[in-house]
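Enquirer: generate coordinates for the sequence data below:
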Amino acid sequence: MNGDHPAGPAPASPLEPWPDTVRWQPISRDQIWVELIRLAVLLGILLLGLSVAWAVSGLTLLALALAAVVLGGCWRAVTIVRAVRAWGYAERENDLLVRHGLLVRRLSIVPYARMQFVDVSAGPLERAFDLATVQLHTAAAASDARVPGLRPAEASRLRDRLTALGENRAEGL
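Expert: Residues are numbered from 1 along each chain as shown. Reported below is the predicted structural model:
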């Protein structure tokens, strides 16, 4: 070993937004199916519209648009799997961390004392897969965070815990 490099692991990149000092909780992999079905519905509508327009007009441009939608849909289907795996949340003593994103990684830190209320929602597709979404609301709309793909029991537990912690922390302000 030369004197240029200290012993031990290399430091984490300062550009890495996801701290490895917390225990990240993943969301359910069933969220992949929810997102894929949403994509399929959107693609079905687009493909139907473009196909009808192409059949009526015969324009080559519409055929190219049809091919581009199919390729884009296939690419998005692949990225959905990775995007769902990138979601995670971590409960710390004073705040909740929520991470997501592939190309652009996003880390939201929501202090418990700043939370105004917590929503739990589940649309028809989420209910079909026994999932729910926890939405945190703060005074600043830009700092709202959501955690999709949770089992209803975990969503209720997280909602109750965040609400209790928010009330306790707000009393100290």
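Enquirer: low pLDDT regions in the protein?
Expert: The chain contains residues with pLDDT under 70 at 1-17, 141-144, 169-173.
Enquirer: helices of that one, residue ranges please.
Expert: Along the chain, counting by DSSP state H, helices occupy 30-57, 60-86, 124-128, 152-171.
Enquirer: M115 is nearest to which of the ones you listed?
Expert: Nearest of those to M115, taken as C-beta to C-beta: helix 152-171 at 4.0 Å. In this view, the C-beta of every residue, glycine as well, is placed from N, C-alpha and C.
Enquirer: only C-alpha atoms, please: export that closest one in CSV.
Expert: Extracted in CSV, the C-alpha atoms of helix 152-171 (Å, rounded to 0.1, in the frame of the first residue of the first chain):
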residue,chain,number,x,y,z
PRO,A,152,-53.2,-1.6,4.2
ALA,A,153,-52.1,-2.7,7.6
GLU,A,154,-48.7,-1.1,7.1
ALA,A,155,-50.3,2.0,5.6
SER,A,156,-52.5,2.4,8.7
ARG,A,157,-49.6,1.7,11.1
LEU,A,158,-47.5,4.3,9.3
ARG,A,159,-50.3,6.8,9.2
ASP,A,160,-51.0,6.4,13.0
ARG,A,161,-47.3,6.6,13.9
LEU,A,162,-46.7,9.7,11.8
THR,A,163,-49.7,11.4,13.1
ALA,A,164,-48.7,10.7,16.7
LEU,A,165,-45.1,11.8,16.1
GLY,A,166,-46.3,14.9,14.3
GLU,A,167,-48.6,15.8,17.2
ASN,A,168,-45.9,15.2,19.8
ARG,A,169,-43.3,17.2,17.8
ALA,A,170,-45.7,20.1,17.1
GLU,A,171,-46.5,20.5,20.8
